[in-house]
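1. Give me coordinates for this.
(chains A and B)
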Protein chains: 2
Amino acid sequence: MWDWMAQEGISLVMFEDTEGRRDASIRWLTGQPGDALLFLSVDRKSLLMPWDIILAKAYSRADFIIPYNEFDRMPRKAIRGAAEKLKIPFGSKIEIPPVTPYPVFLDYVGELSEFDIICRDKSAASYALDLRTIKDAEEIALIRKAASVTNVIIGLLEKNVRSGKIKTEADAAMFIELESRKRGCEGTSFETLAAGQDRSFGIHAFPSWTNAPFAGKGLSILDFGLRLGGYCSDVTLTFVREPDAQQEKMVNLVEKSAKLAVEMTVNGNETRALAAAVDSLFSKSKKRMPHGLGHGLGLDVHEYPFLRNRSDYGWKLEPGMVFTLEPGLYDPIHGGCRLENDILMTETGGEILTEAKIIWL
Amino acid sequence: MWDWMAQEGISLVMFEDTEGRRDASIRWLTGQPGDALLFLSVDRKSLLMPWDIILAKAYSRADFIIPYNEFDRMPRKAIRGAAEKLKIPFGSKIEIPPVTPYPVFLDYVGELSEFDIICRDKSAASYALDLRTIKDAEEIALIRKAASVTNVIIGLLEKNVRSGKIKTEADAAMFIELESRKRGCEGTSFETLAAGQDRSFGIHAFPSWTNAPFAGKGLSILDFGLRLGGYCSDVTLTFVREPDAQQEKMVNLVEKSAKLAVEMTVNGNETRALAAAVDSLFSKSKKRMPHGLGHGLGLDVHEYPFLRNRSDYGWKLEPGMVFTLEPGLYDPIHGGCRLENDILMTETGGEILTEAKIIWL
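-> Predicted coordinates for the structure are as follows:
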């Protein structure tokens, strides 16, 4: 990151992780789990401005930690304060996050006229996202651990659905919440989506789970992820009971496409090609998947690389990438089916980390 | 909204509610619970572009509903498509959300040169937020309902902590998840923060809850909210057991400041004045609250009005406003204490909707 700054002639970079403008790169760079600004100066100093100073001192590493409150939680004051603390000369280039809204950017430029304020897509923030696309050994170890707890829970879920202990969406969701924390997870990586046979028509059920029956006659979807040491897993199971012909056809197609996608997890393949292959398999049966094939996993549950059949979404698979494959089909009458597993690219190709499956009851 | 558009000479307005750029105003305007663009034309037509068309057809009202996928989930294509469908003449003013990042705004302006693309703070989106500050009768009924379920759960929580049935953070958090849904809630309005005596030093505990003991010797914080028909409650209880002198002092100060704040919920009072009064009460005891005094509640768990001691945060209390009052104090050694209740402003002043309290064990 420092070299990149020097190369780009940037003296100070600001990262922002606040409500409505989340950026897990602050956690990636400092350990701070949320609600903070981070400033990096080209002479390799870091200044963290957390909302909660007590929490930051317990979790985070930075050369300086100053409460954001000292700057009234106003980014403009914070930038000026950081420039002073880190001895940034007037006239220097200061880069602010690329998600800065246009009207806010105008404000900054007006009020910080002693500096050259820069806001662009190709930024330190996007460079951090690019770097985060390839996981290092420590990150992979955490993701493997999250996946392994996920697999234990998948096994228990299947057992408890079969035994009748899990009968409602709430049973399934609550089981995951509790069992994941018992096994060292920070929690779930997103709100569990438990959609019983009457609600599985939605890609992301709304509400995410209720007291409705689960795993009855038809198709039920259970989409959940765990977070361990910051890193996410993300899987989807479909439970099938006494399917009609249409449901059986959907399930078989989804399984077939998942298999096809896994076969294509070869280093050098384009993520787009995987998505295109699955779309094409579905369209041969006159079906259409209303969402992308998958997404990267890391500190964010949605990060690079994205696997979508779109010309502006291009990554080549390479070792260290971690992502989901999650083909799915949905029908307003027959319900939905999705199968999602997490893949780690290694030197020899894709390794399936998770054990999600279609569960026939 | 339509009158405002005519007044401002805007032909088409775009709202966006997507990951990273949430805007509950789309739900407020159409019922759509998430992941969509919404376009309003000055001739009073609405066009919704949801990610999940099946879900949208089940929940939402708009003159036209077209899948966002038909525009490859690309806002630029969507804007052009909406302008065509709603017959917006070339050269017209099209307003995009004020949170649009600066680099994205430049893209839009470049690619949609046949229109006059406008992005500004004083926007349709901010006008909607202003309108949402004053709740109508239907909204108040839903908030009262959410508060009433919250109160039932507060009562049960106290009972179960006293009886020893709730002994861990997980016990408390899981109890809330399950009991709220049993009583018709969509779920919690944010991740429950259950911080036992060893973790209550954080304003927002991280992780939000664990298997750690809860309500043991010292101070434990339980901050939770429910969502019913889209509308949020948000309360915080503090459990106190065998406090030391310092803890007792903090608790008494927080209770005193909560009482003071409630007394000041008089129509016409400035939100800032309430926050300033509490800050000043604390500072007399050489304490400092590291967060604002409160925030509005509605479809968002944080919305207008904000109650903060800052010159740029000014609202006058008026009937129909709903907000939290949540004084708190935190210490790295002695732990934290917060008391949060929800207030509805009526013609005669503040009405406390919720029954959160300091619970002495």
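2. Just want the residue of the stretch 201-350 of chain A that's nearest chain B.
-> Residue of the stretch 201-350 of chain A nearest chain B, by C-beta to the nearest C-beta: residue A:207 (4.1 Å). Backbone N, C-alpha and C define where each C-beta goes, glycine included.
3. Would you mind listing the residues in contact with that residue?
-> B:186-187 (C-beta atoms under 8 Å, 6 or more residues apart in numbering or on different chains).
4. now do residue A:196
-> A:168-169, A:212-216, A:220.
5. Spatially nearest residue to it (excluding sequence neighbours)?
-> In this structure, residue A:196 finds its nearest non-sequential neighbour in residue A:214, 4.1 Å apart by C-beta to C-beta, 6 or more residues apart in numbering or on different chains.
6. Tell me which stretches of the stretch 51-200 of chain A form helices.
-> A:53-59, A:75-85, A:102-111, A:124-133, A:137-163, A:169-182 (DSSP state H, counting those that start in this stretch).
7. who in the stretch 151-300 of chain A is up against chain B?
-> Contact residues (C-beta under 8 Å from any C-beta of the partner chain) of the stretch 151-300 of chain A with chain B: A:170, A:173-174, A:177-178, A:181-182, A:186-187, A:191, A:201-204, A:206-211, A:290-291.
8. In ChimeraX, how would I select just the buried ones from the residues you listed?
-> Only the buried entries of these go into this ChimeraX selection, using 16 or more other C-beta atoms under 10 Å in any protein chain shown:
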select /A:170,173,174,177,178,181,186,187,191,201,202,203,204,206,207,208,209,210,290,291
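9. Tell me which of the contacts of residue A:196 fall in helices.
-> residue A:169 (DSSP state H).
10. Turn the contacts of residue A:196 into a markdown table, including neighbour count.
-> Shown next, in a markdown table, are these (neighbours: other C-beta atoms under 10 Å in any protein chain shown):
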| residue | neighbour count |
| --- | --- |
| A:168 | 19 |
| A:169 | 29 |
| A:212 | 19 |
| A:213 | 16 |
| A:214 | 27 |
| A:215 | 30 |
| A:216 | 17 |
| A:220 | 30 |
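11. Considering the contacts of residue A:196, which is situated nearest to residue A:229?
-> Residue A:229 lies nearest to residue A:169 out of the contacts of residue A:196, by C-beta to C-beta, at 28.3 Å.
12. pLDDT value on that closest one, please?
-> Note on residue A:169: pLDDT of 97.
13. I'd say it and residue A:194 touch.
-> Yes - using C-beta atoms under 8 Å, residue A:169 makes contact with residue A:194 at a distance of 3.8 Å.
14. how about residue A:260, what does it touch?
-> Going by C-beta under 8 Å, 6+ apart, residue A:260 touches A:277-278, A:281.
15. and it, what element?
-> helix A:245-263 (DSSP states H and E).
16. Which ones among the contacts of residue A:260 lie within helices?
-> Those of these lying in helices (DSSP H): A:277-278, A:281.
17. Residue A:264 is in contact with residue A:272, isn't it?
-> No - distance between residue A:264 and residue A:272: 11.0 Å, which falls outside the contact criterion (C-beta under 8 Å).
18. What's the first helix or strand after the host helix or strand of residue A:283?
-> Per DSSP H and E, residue A:283 falls inside helix A:271-284. Per DSSP H and E, the first helix or strand lying C-terminal to helix A:271-284 is strand A:294-296.
19. elements contacting that following strand?
-> helix A:271-284, strand A:303-307, strand A:322-325 (3 or more C-beta pairs under 8 Å, 6 or more residues apart in numbering or on different chains; DSSP states H and E).
20. Would you tell me whether the second one gets close to chain B?
-> No - shown here: strand A:303-307 not in contact with chain B (C-beta under 8 Å from any C-beta), separated by at least 11.1 Å.
21. Adjacent strands (with direction) for that strand?
-> Using DSSP bridges, strand A:303-307 pairs in its sheet with strand A:294-296 (antiparallel).
22. Residues contacting the partner strand, please?
-> In contact with strand A:294-296 (C-beta under 8 Å, 6+ apart) are residues A:133, A:261, A:271, A:274-275, A:301-307, A:321-326, A:340, A:343.
23. same deal with stretch A:213-221?
-> By C-beta under 8 Å, 6+ apart, stretch A:213-221 touches A:161, A:166-169, A:171-172, A:193-198, A:200, A:205, A:222, A:236-244, A:247, A:250-251, A:334-338, A:361.
24. Can you select the buried ones among those for me in ChimeraX?
-> To isolate the buried subset of the contacts of stretch A:213-221 in ChimeraX, counting by 16+ other C-beta under 10 Å, use the following:
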select /A:161,166,168,169,171,172,193,194,195,196,197,200,205,222,236,237,238,239,240,241,243,247,250,251,334,335,336,337,338
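25. Just the ones of the contacts of stretch A:213-221 in strands?
-> The strands, defined by DSSP state E, take in A:193-195, A:222, A:236-241, A:335-338 from the contacts of stretch A:213-221.
26. Those into CSV, with extra columns for distance to residue A:147 and pLDDT?
-> Shown next, in CSV, are the ones in strands among the contacts of stretch A:213-221 (distance: C-beta to C-beta, whole Å; pLDDT from 0 to 100):
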residue, distance to residue A:147, pLDDT
A:193, 19, 97
A:194, 20, 98
A:195, 23, 98
A:222, 16, 98
A:236, 14, 98
A:237, 14, 98
A:238, 19, 98
A:239, 21, 98
A:240, 24, 98
A:241, 27, 98
A:335, 27, 97
A:336, 24, 97
A:337, 22, 98
A:338, 18, 98
